[in-house]
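*Asks:* Quick one: sequence and predicted model below, then my questions.
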Amino acid sequence: MKTQQKRLLIISPPYSYRIAAFLQAARRMNIHADIASAGEHSVVSVIHGGIHIDYKNTEAALSTLIDVVRKNGGYDGIIGTDDNTVVLASLLSEKLNLPCNPPEAALKTRRKDIARQTLKEHGCAVPEFRVLALDRPLPPQIAGFPFPAVIKPVNMAASRGVMRVDNPEQLEKAVGRLQPILEDSESPEDSNTALLEAFMPGAEVAYEGLLSRGRLQTIAVFDKPDALDGPFFEESYYITPSRYPEYLQANLRNTVQQACAAYGLVEGPIHAELRIDGDAIRIVEVASRTIGGECSKSIRYGGQYNLEDLVIAHATGMSIERNEKPERASGVLMIPIPQAGILRRVEGILAAQRVPLIDEISLAIRAGNLLTPLPEGSSYLGYIFASGGTPESVEAALRTAHRHLNFVIEP
């Protein structure tokens, strides 16, 4: 008897880097995958030809997807690729009786102010914080607050709008810079709200895990060897496996598990950012999705499985046997934007590609496009991938390749 092909629904904003990775994984696994996105006018065929929804209108989008299920049949699994689709994915999964996070739990991971309050109420390790109403005078709201501090939007990603401030005067200037950025917020409330939290010293790491019935399994821990001390917080190097001792990595996992329990998360991928200061661990954020950009290419198991394979297998009820750790050291550099202007050309690509251990150089922005660095921007110039050897040799290869690149930018 022929086994019926599994069916997967991927709910995603049309600009997501994750779409291609999930579709490629579904094809490798012989799983039928549909895309639901705001893609009516997209030039990308899989989005234009997919299910068209207004993912910013959750009620309308849910109604559309329920109608699709009635007409075309159900799904074995549903994945929300990005922060702004995880709640919709949970709502639809709940309607279809599929394993999922409670929608209210997914919502808590989307908003930084709600997330911080939830973690505090459950005794998790978070810094002191306050929610600021930017349409009201600041001095009464920040009385007695410790500096240095970090101000950030409550509902944006990729470090956009995140700034370190060392005193109230810098905070006033940062708010002036933040308010135009918040005009892109999805709701009027978000455009007048910011989170102020005490600056957390220490090194930062990224954690990738997978929840199944509330139990968290570690997929990878990435070291971030460059200090993230401000004034802005642009990501750069991610290296795995982590060079931190096993006991500290176990504590990282336990800290993320505690946060997931506080939110009520029980199923699916987890991406977390944490600060390590000695043996102390504090949570920067926990999201119910996979790592951003193209960084998941750095995670491979047994020469055949990557992060998206593991997430799809979990979502559709398939079983994948994997080793406890990735097969070899790997890393990625998210190439920072050095200055604002028009990108004219990129020099030195061939020399960078010839560096030992370099696997791929992927440019995300084409010549002729406008470059906007942080905190106003939210993009990277591209990605450099390396693997093999040790974490130290991978990091060295990425740094060498980056030095070969010259970005010609016209102010």
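*Replies:* Good, I have the coordinates.
*Asks:* all helices for the stretch 1-150 of the chain, in order.
*Replies:* Secondary structure of the stretch 1-150 of the chain (DSSP state H, counting those that start in this stretch): helices located at 18-28, 45-48, 58-72, 86-95, 103-110, 112-121, 139-142.
*Asks:* Could you give the separation of the third one from the chain centroid?
*Replies:* Centroid displacement of helix 58-72 relative to its chain, using Cα atoms, centre = their mean, to the nearest Å, is 26 Å.
*Asks:* do the fifth one as well
*Replies:* Remark: helix 103-110 is offset 15 Å from the chain centroid, using Cα atoms, centre = their mean.
*Asks:* Could you list every helix and strand in contact with it?
*Replies:* helix 86-95, helix 112-121, helix 246-263 (3 or more Cβ pairs under 8 Å, 6 or more residues apart in numbering; DSSP states H and E). In this view, the C-beta of every residue, glycine as well, is placed from N, C-alpha and C.
*Asks:* Run through the helices of the stretch 251-400 of the chain in chain order.
*Replies:* Using DSSP H, counting those that start in this stretch, helices in the stretch 251-400 of the chain cover 307-316, 349-353, 391-404.
*Asks:* Tell me which of those sits most buried.
*Replies:* Ranked by mean neighbour count, the helices of the stretch 251-400 of the chain are led by helix 307-316 with a mean of 24 (mean count of other Cβ atoms under 10 Å).
*Asks:* if we can go back for a sec, of all the helices of the stretch 251-400 of the chain, which one is nearest Arg328?
*Replies:* For Arg328, the closest of the helices of the stretch 251-400 of the chain is helix 391-404, at 8.8 Å, according to Cβ to Cβ.
*Asks:* Next secondary structure element downstream of the closest one?
*Replies:* strand 406-410 (DSSP states H and E).
*Asks:* what residues does that next one touch?
*Replies:* Pro338, Gln339, Gly341, Ile342, Leu343, Arg344, Arg345, Val346, Glu347, Gly348, Leu371, Leu381 (Cβ atoms under 8 Å, 6 or more residues apart in numbering).
*Asks:* ok, that strand: who's next to it in the sheet?
*Replies:* strand 341-347 (antiparallel) (DSSP bridges).
*Asks:* taking the mean pLDDT, what do you get for the partner strand?
*Replies:* Mean pLDDT, strand 341-347: 97.
*Asks:* circling back: among the helices and strands packed on helix 103-110, show me which one is buried the most.
*Replies:* For the helices and strands packed on helix 103-110, the highest mean count by mean count of other Cβ under 10 Å goes to helix 86-95, at a mean of 23.
*Asks:* I'd like the mean pLDDT over that helix, please.
*Replies:* Mean predicted confidence for helix 86-95 is 97.
*Asks:* now the helices and strands packed on helix 103-110 in a markdown table, with distance to Tyr305?
*Replies:* Shown next, in a markdown table, are the helices and strands packed on helix 103-110 (distance: least, Cβ to Cβ, whole Å):
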| stretch | distance to Tyr305 |
| --- | --- |
| helix 86-95 | 22 |
| helix 112-121 | 30 |
| helix 246-263 | 20 |
